[in-house]
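Colleague: Need coordinates for the below:
(2 chains)
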Amino acid sequence: MSGSRIHWAWFAIIGLTLVALGFRDRLDWLMTFPTAWEIPFTDWLNTVMAAIIATFGPFFRGFSALMDHPMSWVRTVLQTVPWALTIGLLMLASYAVSGVRLVIFTFFAMFYMVLIGYWSESMNSLALVLISVPMAVMIGFAVGTAAFYSDRADRIISPTMDVLQTIPVFAYLLPILLLFGFGPVVGLIASVLYAVPPMVRNTTLGLRRVNEEVIEAGMMAGATATQMFWRVRVPNALRQILLGINQTMMAAFSMIIIASIIGGTSDIGWEVLTQIRKANVAEAILAGIVIALMAMVMDRLTAQAATARAPDGGDEPGFAERNRYWIAAGILTIVILALAQFFPFLKSYPEAWEFYPAQAMNDAFNYVLVEYAAAIKTIKTFALFYIMLPVKSGLEQTISPFSWGFEFTTPMKIGFAVVMTGIVAYAALRGRMNLAIGIALAAILLYFGITRLPWLSVAAVMVLLALQAGGTRLAIGTGLGLVFLMVAGVWPETMVSFYLCGIAVLLSFAIGTTLGVLASENDTVSAFLRPINDTLQTMPLFVILIPFVMFFKLGDFTALLAIMAYSIVPAIRYAEHGLRGVSPQVIEAARACGCTRMQMLWQVRLPLALPQLMLGLNQTIMFGVAMLVITALVGTSDLGQEIYIGLNNGDFGVGMVAGIGMAILAMIADRMTKAYSRKGQAALGQA
Amino acid sequence: MKAKSLISAAVLAIAGSGMAQAESSDPIRIPINEWTGQHISAHITGTLFKKAGYDVEYVTAGAVPQFAAIAQGDLDLQPEVWTNNVGDIYPKAVESGDIVVLGQLGLQPQEGWIFPPYMKEKCPGLPSYDALYECAEAFAAADTFPKGRLITYPADWGTRSKDVVGMIELPFEPVAGGSEGAMIAEAKSAVATGDPILMMFWQPHWLFADMEMEWVAWDAAGGECVEESGQERGKACGFQQASIDKIANKDFAADYPGASAIFEAMSLDNSVQNALMLEIDQKGRALEEVVAEWIDANEATWKPWVDAGLAAK
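Modeller: As a prediction, the model looks like this:
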């Protein structure tokens, strides 16, 4: 479609929407999707699932029994080894891969678990991760490589990964419980399923981004296909693949809590859940920190181990030299085991020596809650009245003497319409058609609110956006996805999800990218942000929900904050990673041309980092959608809530439809960001 | 670490004495949910089974997944199922015959709307529900004004409060509680800051040991409410009371006839749970210790149950 024709299509949609809104009181089917047109997907899904369970149940049960062995084996080992030895070996490993600073960090992080008395629970959780991460990394690497070599495979793999990352485990919890039986293995399967996608994505991206010249050099050297892969492509893609392992590890740690909900082991996630159920803020945070610390130690260890490999060549070192860390580990083991015979506290830490500051923390928390009650209320009210409610239900509904301090009278409404029309007309006359269309849509959205727009208009806008971004195929895909949401009967919930996630993603991406830019320029900022990112990503978000509820009460604002707390992390990470990856030669060249700092950022570094920034946006959206299911715990009425309703009613179909709905939302947003990213790159001549 | 030791015992299996020949030699698997009252019921049940010579294994399990597990026989029984906070998954499993209800535990639950005493100053007619019509604004929040804000059970527990509000035309906006933790967080926050709160809740619950709360009173005397539908202002009875069931897998009685007889015979009332909960949650004592103490002191109570079990073996 040519530029001018698509503009006419936009204006037609805007015009028709306004006409439809004019008749909204009389034409009910315009506003709410008619129930008569719905299709009983839930019943179909239930039937199919029942058949699958009946047919394949024994097979899965067998797999489950098989997996039980390594799991209980690892758990037993971690439980039997004295805490002093585990910590000692981890410190030695830290020293081997990095240095004294990591040793100190490892010691304090691990000793924290001993000190507050959660060692045994922590080791049960660690066992889950130690089994699931290698599984996820191996599967992810293989699948990611397949996606790299075959475009056809990629077309199946890429959406499957989106689905795995966006359909919440709760949506398919019942079937996996029925298939695999109750127990820790179900938690393992859930965490592998969730932890695989980042590995796949980063493997594919890394392999794709290997420099053409390096490949040619490899070819000239006469490398075979296998050599080419293992000696040329993989080492060159290692940075990205490592990021993948890192993200997979983090994802596995974030599933600890879900594994606990399923149940079967008394691990740290269970402890968190118990405390959250009692709304014990400090106790839940103290337990949640354990998961975050454990994740950080493992993250640092693996990342350092992979980058700090000894250089090849030079003198062949002797046996003792090559194996010095193994020998040290052996000696350490014997020494600590011997010492533990004489000092039993090295084996089981006495309860009397534990330190558990929950009471003081709760008191401090309550003090803030009471002292700053007025300020907290102001923040919440402001966000609610001026940002969230206008987007959700429109200015028309929001403005009242109670909220904005005045009545939204008819002259004001007319004034709003006239001013907006004026701005749109001015932009259109200046030839800025896209700007004009954007302002017109934003004005309609703000006036009526996203949940009160005709379903047909919302769908048409999204399809047209898809058409503009990625052409006919994307438009058709988007259209089909939206039709599913309508006929499945979850359109109202979808709109609430869309509004919550939309605001959260926009804010997270804006704030997160800014922080990422700062972090890429300043190592101190980077070092400061990293543990915060790690904590946010690995500390179970259930933990954050409770203090948020105490500060801001049940409702959409709390949900928004919870989504942002989680989805801001990839925005920061990918922005920093992308900007730091910009080739130093380019920077040097730009500096030689006399670029100012701002020019350097906006015209050199950001455009060059665009692929990572867009991957960051992509992941921000994915994380945001993933959080929707958690926010249902603070009482939102979105797709996440449907999943709990399905779960609690033992109705697989209801939860699955909502889960698919989330995946559709996420995928549409994802494909559009990717398409716009390609357009942007093409415009910049990178392609 | 108060709650710790009980959790670390969750994977603990105690060897049977061998003096009695259990019919199935597998340990009986009892789920441990996320709240103390259930820990007490589960551990008392388990201890009685051990007295009759059975192996017992405590397994942590979420409140919803446990039903799938019990229906499939991965877990054997659950002494404390609250019918108010579980959706259709439980009645469905009972209907299909995979889960059998073996009677009620004996706890006397109460459900209804609660408010902190300081709300009486802002709304003088309380505790009568009739007063709520006049002082909805005293219960209002920014997003519900001028209507009052009523926190209901989470959406997946059903819509009973919302239905009652609709039937008696109360000017209140029902806000879904999301989850038990979030509801308690609301209550804690409100009581700390003196904010208004009206919330659907239930007892026995440790919350009432932690903070003062009062119940909204309905027209029907004594909170009797047989039928929740068809209420109106002037003839409002509030809520039908939940029941607390003892359930087991359909094969439990055949596999462990003795344990099944104990399980059917046993019953615990509010006073037992409240007393033990106080020891554990407020005084920070270990669950096993408190349960063992109760067992030692109340042999007269549980001896007949265990005897019934030994007779059935």
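Colleague: When you work out contacts or count neighbours from here on, use the C-alpha atoms and nothing else.
Modeller: Will do.
Colleague: Find the least confident helix or strand in chain B, judged by mean pLDDT.
Modeller: strand B:13-14 (a mean of 36; mean pLDDT, DSSP states H and E).
Colleague: ok, residue A:223 - how many residues close by?
Modeller: Residues near residue A:223, counting by other CA atoms under 10 Å in any protein chain shown, number 15.
Colleague: Flag the shaky bits of the stretch 101-250 of chain A, pLDDT-wise.
Modeller: For the stretch 101-250 of chain A, no stretch is flagged by pLDDT under 70.
Colleague: Quick check: what element follows the least confident helix or strand of chain B along the chain?
Modeller: Next helix or strand after strand B:13-14 toward the C-terminus (DSSP states H and E): strand B:28-32.
Colleague: What mean pLDDT does the host helix or strand of residue A:335 get?
Modeller: In the assignment (DSSP H and E), residue A:335 maps to helix A:324-342. Across helix A:324-342, pLDDT averages out at 86.
Colleague: any idea how far it is from the chain center?
Modeller: Centroid displacement of helix A:324-342 relative to its chain, using CA atoms, centre = their mean, to the nearest Å, is 41 Å.
Colleague: Flag every buried residue along it.
Modeller: Within helix A:324-342, the residues scored as buried using 16 or more other CA atoms under 10 Å in any protein chain shown are A:329, A:332, A:333, A:336, A:337, A:340.
Colleague: what sits up against it?
Modeller: A:82, A:84, A:85, A:88, A:89, A:92, A:96, A:320, A:346, A:347 (CA atoms under 8 Å, 6 or more residues apart in numbering or on different chains).
Colleague: quick one: low-confidence ranges for chain B?
Modeller: By pLDDT under 70, the weakly predicted segments of chain B are B:1-23, B:221-223.
Colleague: picking that back up, if we take the buried residues of helix A:324-342, which one ends up nearest to chain B?
Modeller: Lowest distance from chain B to the buried residues of helix A:324-342 (CA to the nearest CA) belongs to residue A:340, with 21.7 Å.
Colleague: Against residue A:104, how distant is that closest one?
Modeller: 22 Å (CA to CA, to the nearest Å).
Colleague: go on, residue A:124?
Modeller: 24 Å.
Colleague: next one: residue A:267
Modeller: 25 Å.
Colleague: So the two - more neighbours on which side?
Modeller: Shown here are residue A:267 and residue A:104; by other CA under 10 Å, residue A:267 has more neighbours (28 against 13).
Colleague: Just give the nearest non-adjacent residue to the more buried one, would you?
Modeller: residue A:121 (4.1 Å; CA to CA, 6 or more residues apart in numbering or on different chains).
Colleague: Tell me how many other residues surround the one you found.
Modeller: Neighbours of residue A:121 (other CA under 10 Å): 23.
Colleague: Show me which positions of the host helix or strand of it end up buried.
Modeller: Residue A:121 belongs to helix A:119-149 when assigned by DSSP H and E. Within helix A:119-149, the residues scored as buried using 16+ other CA under 10 Å are A:119-133, A:135-137, A:139-148.
Colleague: Now do the same contact list for residue 166.
Modeller: Since no chain was named, I'll use chain A. A:622, A:623, A:625, A:626, A:659, A:662, A:663, A:666.
Colleague: um, chain B though
Modeller: Taking CA under 8 Å, 6+ apart as the test, residue B:166 contacts no residue whatsoever.
Colleague: what about it, helix or strand, and which?
Modeller: Per DSSP H and E: helix B:160-167 holds residue B:166.
Colleague: ok, then the element right after that helix?
Modeller: strand B:172-176.
Colleague: Surely residue A:466 is in contact with residue A:670?
Modeller: No: contact criterion CA atoms under 8 Å: residue A:466 and residue A:670 do not qualify, at 10.8 Å.
Colleague: Let me see the ranges of the strands in the stretch 201-350 of chain A.
Modeller: Under the criterion DSSP state E, counting those that start in this stretch, the stretch 201-350 of chain A contains no strands.
Colleague: Around chain B, pick out the residues from it.
Modeller: A:260-266, A:270-271, A:273-274, A:276-279 (CA under 8 Å from any CA of the partner chain).
Colleague: other SSEs contacting the helix holding residue A:121?
Modeller: helix A:41-80, helix A:151-166, helix A:184-208, helix A:238-254, helix A:256-262, helix A:268-277, helix A:281-307 (3 or more CA pairs under 8 Å, 6 or more residues apart in numbering or on different chains; DSSP states H and E).
Colleague: how far does the last one sit from the chain's center?
Modeller: Distance, stretch centre to chain centre, for helix A:281-307: 17 Å (CA atoms, centre = their mean).
Colleague: what angle separates that helix from helix A:119-149?
Modeller: 50 degrees (axes from the mean of the first three to the mean of the last three CA atoms, to 10 degrees).
Colleague: Okay, buried residues for helix A:281-307 please.
Modeller: A:281-305.
Colleague: what about the residue lying closest to residue B:122 once chain neighbours are set aside, how many residues close to it?
Modeller: Leaving aside its sequence neighbours, residue B:122 sits nearest to residue B:138 (CA to CA, 6+ apart; 6.4 Å). By other CA under 10 Å, 19 other residues sit near residue B:138.
Colleague: and residue B:138, what does it touch?
Modeller: With CA under 8 Å, 6+ apart, residue B:138 has these contacts: B:122, B:123, B:148, B:196.
Colleague: Any idea how many residues pack against residue A:536?
Modeller: 19.
Colleague: nearest residue to it other than its sequence neighbours?
Modeller: residue A:566 (6.2 Å).
Colleague: Can you say which two of the contacts of residue B:138 are spatially most distant?
Modeller: B:122 and B:148 (12.7 Å; CA to CA).
Colleague: Mind listing the shared neighbours of the two?
Modeller: In contact with both residue B:122 and residue B:148: B:135, B:138, using CA under 8 Å, 6+ apart.
Colleague: more crowded one of these two?
Modeller: residue B:148 (26 against 14).
Colleague: who touches that one in this structure?
Modeller: B:135, B:136, B:137, B:138, B:139, B:140, B:141, B:171, B:172, B:173.
Colleague: can you do 6 Å?
Modeller: B:136, B:137, B:139, B:140, B:172, B:173 (CA atoms under 6 Å, 6 or more residues apart in numbering or on different chains).
Colleague: burial measure for the fourth one, as a count.
Modeller: By other CA under 10 Å, the residues close to residue B:140 number 21.
Colleague: and what of the first one?
Modeller: Other residues near residue B:136 come to 20 when the count uses other CA under 10 Å.
Colleague: The spatially most central residue of chain B: what's it in contact with?
Modeller: Residue closest to the mean C-alpha point of chain B, counted by CA atoms, centre = their mean, is residue B:82 at 4.8 Å. By CA under 6 Å, 6+ apart, the contact set of residue B:82 is residue B:244.
Colleague: and the stretch 101-250 of chain B, which of its residues are near chain A?
Modeller: Residues of the stretch 101-250 of chain B that fall close to chain A, judged by CA under 6 Å from any CA of the partner chain: B:156, B:176, B:177, B:178, B:179, B:180, B:181, B:184, B:185, B:186, B:189, B:193.
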